[in-house]
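# what shape does this take:
(chains A and B)
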Amino acid sequence: MLIRTRMAPSPTGEYHIGGLRTLLYNYALAKKDGGQFIMRIEDTDQKREVEGAEERLLVVIKDYGLDWDEFYKQSERLDIYKEYAQVLLKNDSAYYCFCTEERLDQVRKEQQAQGLPRTFYDGKCRGLDKDEAFKRVLAGESYVIRQKIPKNEEIVYEDAVLGKITFNTADLDDSILMKSDGFPTYHLAVVIDDHLMNITHILRGIEWLPSVPKHVLLYKAFGWEMPVHAHLPNLKEKGANKKLSKRFGDVHAAAFLEKGYLPEAMLNFLMLLGWNPGTEKEIYTLEEFVKDFSIERIHKTDLVAFDREKLLWFNGYYIRGMSVEDLHKRILEWSKKFNVSLPEGFVSNSGQMVLKLIQERLKTLNEVSGLISYFYEEPSLDMQKLTEFAKDKSAAKEILNSFTELFGPLESWGTKQLDEKAHLLLQEKGYKPKEAFMTLRVAVSGVTATPPIFETLEILGKEKVLTRLKAATYLIDSQ
RNA sequence: GGCCCCGUCGUCUAGCGGCUAGGACGCCAGGUUCUCAUCCUGGUAACCGGAGUUCGAUUCUCCGCGGGGUCACCA
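Residues are numbered from 1 along each chain as shown, chains lettered A, B, ... in the order given. As a prediction, the model looks like this:
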């Protein structure tokens, strides 16, 4: 039997990074043996729908390199849900309920006042005569359809990850299946759709676990076979037992892309949050993951920390592993997509020479600008930094003058020659490597951390280097 | 609070009765070195607690403790 899985997001906001992980697992399970992955938009709550959310969510999923084989929208399937709700009504698994929201609020308040451990529907309409109820419906009275939960019945369910779980229907409420606006609730729609779409496996967040018995009952009422269900641990912030929160950083899948995280790095990071191959392999392409993934190796836990430091490491790892050409191309595409302006010199092919120097220092693409700025614009010099490596101001100035005299007459300008000449100079003048090179580094770049100095000088070019040495010397003189 | 789930280094995890409890990120130290980064080497650090089963429990059972989820005309 071919495996068919699905992802069923609601267009109620920006796509969450945790959703991407669930999607990834479902995707891998289906693709592993040539099955299908289905995308289904669960837009049955008109009130919560956010303008443009559906489109953005589909775009971001594709931006991460994932795709689907079939696509559905629940709002276009309303007739189907109505039809199947009738089946439930007929076989006594559901009933019409005419209670108003005001009355339900009132019931809840009373129950709370009584100090009951939980609130529940009091079953006022549960025993209504069927013909009587139908007449009221025909008369145009507003109604919902509720699931008729059997009293005190054990429901045993086998979770593919968690194992056997037993529920009792006494803990369940007669929840609403069909809303008064004619839209189904999640419980009804999900069961009907998963069945009609031949979904064989459902991997979803563990927050859905409590609704399983309702679904079991629904499958039973319809006489349908229940797909394999498996519940996944949720993502939390590292160090806090809280769901991912903006307070700690990005939570939207799209935001990570904008920051300059690579899809393949993010996917690799996500794969290992709740699953592992049982070997020590941690670097995974999507293809390899699809091949190795299995439900059996999903970790049985309820919360997994989203370690942003490890994500950063993965991203740097993937950046370092790329060819300079590819990385350069990726950075240009990224800057275009997110309207990030880069120096013209960097955008041109010669930018690759600069990129080569900073590649191993890059963790996210948005760090590029900060790391390359002094190659393209004059750095602002800080007197303190400029002189702190030499004995004093005049020593710093002397060092800069020596380098100016050394570089000025040079006809060829390459890393190797510069290196040799500079070291000869140090010997001759008796400068310590650190004081000389750090002073030089600050003078030409404005910062204390750069790629190796001679490579930096080579790319900067003789003209710029001499200009900056002059500027640095002036600065010292002026103070 | 009722119900349900979970519990190995700080974090992600391996482990499926007997291991010096392994790997990765982080952190620390050393090496490379003019800085940063990379890279290499080494190190740090964990079985929630208590009973029970057993010759032997991280592993099985029970209780406790801790954490999480859920109790809507939201998904």
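# do the helix or strand residue A:468 falls within and RNA strand B meet at all?
Per DSSP states H and E: residue A:468 is located in helix A:462-477. No: using CB under 7 Å from any atom of the strand, helix A:462-477 never reaches RNA strand B; the gap is at least 14.1 Å. Heads up, the C-betas are built off the backbone N, CA and C, glycines and all.
# and that helix, which residues are buried?
A:462, A:464, A:465, A:466, A:468, A:469, A:472, A:473, A:475, A:476 (16 or more other CB atoms under 10 Å).
# next: stretch A:345-364.
A:346, A:351-359, A:362-364.
# run through who's touching the helix holding residue A:468.
A:378-379, A:381, A:383, A:386-387, A:393, A:396-397, A:400-401, A:403-404, A:407-408, A:410, A:413, A:440, A:442-444, A:457, A:460 (CB atoms under 8 Å, 6 or more residues apart in numbering).
# quick revisit: among the buried residues of helix A:462-477, which two are most distant?
Spatially, the most separated pair among the buried residues of helix A:462-477 is A:462 and A:476, at 21.5 Å (CB to CB).
# on that earlier part again, filter the contacts of helix A:462-477 down to just the buried residues.
Counted by 16+ other CB under 10 Å, the contacts of helix A:462-477 give A:379, A:381, A:386-387, A:396-397, A:400, A:403-404, A:407, A:440, A:442-444, A:457, A:460 as buried.
# out of these, who's near RNA strand B?
Among those, RNA strand B is touched by none when using CB under 7 Å from any atom of the strand.
# narrow those residues to those in helices?
Using DSSP state H, the members of these that fall within helices are A:386-387, A:396-397, A:400, A:403-404, A:407, A:440, A:442-444, A:457, A:460.
# so which of those residues comes closest to RNA strand B?
Among these, residue A:440 lies closest to RNA strand B (CB to the nearest atom of the strand), at 7.6 Å.
# dump the residue contacts of the closest one.
Counting by CB under 8 Å, 6+ apart, residue A:440 has contacts A:399, A:400, A:403, A:453, A:469.
# before we move on, back to that, reformat the buried residues of helix A:462-477 as a markdown table; add pLDDT.
Shown next, in a markdown table, are these (pLDDT from 0 to 100):
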| residue | pLDDT |
| --- | --- |
| A:462 | 96 |
| A:464 | 96 |
| A:465 | 97 |
| A:466 | 97 |
| A:468 | 98 |
| A:469 | 97 |
| A:472 | 97 |
| A:473 | 96 |
| A:475 | 95 |
| A:476 | 94 |
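# any weak-confidence spans in the stretch 301-450 of chain A?
In the prediction, the stretch 301-450 of chain A carries no residues with pLDDT under 70.
# close to RNA strand B: what parts of it are there?
Checking the stretch 301-450 of chain A against RNA strand B by CB under 7 Å from any atom of the strand, the hits are A:301-305, A:307, A:309-310, A:313, A:316-317, A:320, A:360-361, A:419, A:433-434, A:437-438, A:441, A:448-450.
# in contact with the residue of the stretch 251-400 of chain A found nearest RNA strand B, which residues?
Per CB to the nearest atom of the strand, residue A:305 is where the stretch 251-400 of chain A lies closest to RNA strand B, at 3.1 Å. Residues near residue A:305 by CB under 8 Å, 6+ apart: A:235, A:236, A:237, A:238, A:239.
# quickly list what residue A:70 is bridged to.
Here residue A:70 sits in beta bridges with residue A:38, as judged by DSSP bridges.
# can you confirm residue A:110 is in a strand?
No: checked against DSSP: H, G, I helix; E, B strand; the rest coil, residue A:110 lies outside a strand; its state is helix.
# which ones are touching it?
No contacts exist for residue A:110 under CB under 8 Å, 6+ apart.
# from residue A:97, how far off is it?
18 Å (CB to CB, to the nearest Å).
# residue A:412 too?
89 Å.
# right, and residue A:433 touches residue A:425 too?
No: Residue A:433 lies out of contact with residue A:425 (CB atoms under 8 Å); the separation is 11.0 Å.
# compare those two and say which one has the larger neighbour count.
Set side by side, residue A:433 and residue A:425 show more neighbours around residue A:425, with 17 against 10, by other CB atoms under 10 Å.
# for that one, helix, strand, or coil?
helix.
# for it, give its distance to RNA strand B.
13 Å (CB to the nearest atom of the strand, to the nearest Å).
# tell me the contacts of that residue?
Contacts of residue A:425 (CB under 8 Å, 6+ apart): A:402, A:403, A:406, A:431, A:436.
# so the last one sits in a strand?
No: inclusion of residue A:436 in a strand is not indicated when three-state DSSP is applied; the result is helix.
# what is the burial count for it?
So residue A:436, with other CB under 10 Å, has 25 neighbours.
# for it, what are its contacts?
A:399, A:403, A:422, A:425, A:426.
# turn those residues into a markdown table, including distance to residue A:330.
Formatted as a markdown table, the contacts of residue A:436 follow (distance: CB to CB, whole Å):
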| residue | distance to residue A:330 |
| --- | --- |
| A:399 | 39 |
| A:403 | 36 |
| A:422 | 35 |
| A:425 | 40 |
| A:426 | 40 |
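# and which of those residues is nearest to residue A:90?
residue A:422 (90.7 Å).
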